[in-house]
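Asker: generate coordinates for the sequence data below:
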Amino acid sequence: MSVWLNVDLGELEGEPEALYAATHVANIACGGHAGDDESMKRAVSLCLRHGAALGVHPSYPDREGFGRRALSLAATALGDAVAAQCAHLADVARASGTAVRFVKPHGALYHTADRDPALATAVVNAALRGLRAQASDLTLIGPPAGALAEAAARAGLSYAREAFADRGVRSDGTLVPRGQPGAVIVDPARVAARARELCASGDVETIGVHSDSPGAVTLARAARAAIDEAFAP
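Answerer: From the prediction side, this is the model:
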């Protein structure tokens with residue numbers, strides 16, 4: 001088994017190109033919480049330049065809250081929003097001669113969909129519709145177990161179990177909520193140690209790092225080096 005790094009990208013102005021060089025998969029904001037046509041074009045170009053696989057990072061339509069607030073949307077309305085976001089990135093990618101291969105919900109949507117089978121199904125179906133892709137062409141990234149994994153299995157998508165190297169974890173396995181002490185890990189040594197622990201566990205296929213964490217480039221490089229070392233021949 002191998003583990004790969006994924007980084008949430010295309011979210012901030014002045015985003016370092018080095019993040020694309022560090023990651024295996026780039027999850028690109030596509031207009032819901034951040035991102036626009038120009039940022040998506042830049043992100044796709046940098047993925048092609050550095051050999052990072054292209055992922056779509058849809059969210060609740062909530063730019064003001066950066067997609068980190070759960071909105072009261074019916075599954076149908078949420079599906080339409082997600083499909084539109086996915087279609088936008090798919091069109092940008094297609095114009096550059098490439099395609100989206102990964103789907104990772106962002107922020108609050110990642111967590112609410114994993115708890116709600118109807119929302120999880122809406123996200124999966126919307127991604128397929130918006131990307132105009134076959135299920136066999138896509139991998140959904142999400143928590144190790146829950147409604148997202150089940151929805152992916154029903155639809156025939158591959159599923160990559162994820163854990164974060166730059167987020168604190170409570171004793172029950174859930175993330176420390178943002179804003180609380182220890183929620184974000186900014187020490188590269190701790191990020192590397194966490195990545196090594198996850199690689200050894202066999203419990204995940206991918207490790208996530210956030211591009212808006214302080215010192216994100218250093219953190220991503222630390223996680224990538226730990227992964228490369230863990231699976232070196």
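Asker: what about the helices in this protein?
Answerer: 18-22, 37-50, 75-95, 107-115, 117-131, 147-155, 188-201, 216-230 (DSSP state H).
Asker: so which of the ones you listed comes closest to Gly67?
Answerer: Closest to Gly67 of those is helix 107-115 (CB to CB; 3.9 Å). All C-beta atoms are positioned from the backbone trio N, CA, C, and that covers glycine.
Asker: to Leu175, which of the helices of the chain lies closest?
Answerer: helix 107-115 (8.3 Å).
Asker: which elements pack onto that closest one?
Answerer: helix 117-131, strand 139-142, helix 147-155 (3 or more CB pairs under 8 Å, 6 or more residues apart in numbering; DSSP states H and E).
Asker: just to revisit the earlier point, for the helices of the chain, give me TSV that also has distance to Asp137.
Answerer: What follows is the helices of the chain, written out as TSV (distance: least, CB to CB, whole Å):
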stretch	distance to Asp137
helix 18-22	22
helix 37-50	16
helix 75-95	11
helix 107-115	21
helix 117-131	8
helix 147-155	12
helix 188-201	26
helix 216-230	24
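Asker: let me have these in TSV, extended by mean neighbour count and distance to Thr139.
Answerer: Output for the helices of the chain, formatted as TSV (neighbours: other CB atoms under 10 Å; distance: least, CB to CB, whole Å):
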stretch	mean neighbour count	distance to Thr139
helix 18-22	20	19
helix 37-50	18	15
helix 75-95	20	14
helix 107-115	21	15
helix 117-131	23	11
helix 147-155	20	8
helix 188-201	18	18
helix 216-230	21	17
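Asker: Pro61 is nearest to which of those?
Answerer: helix 75-95 (4.8 Å).
Asker: out of the helices of the chain, flag the one nearest Gly208.
Answerer: Minimum separation from Gly208 across the helices of the chain (CB to CB) falls at helix 216-230, 8.8 Å.
Asker: quick one: closest of the helices of the chain to Thr174.
Answerer: Nearest to Thr174, of the helices of the chain and by CB to CB, is helix 107-115 at 8.8 Å.
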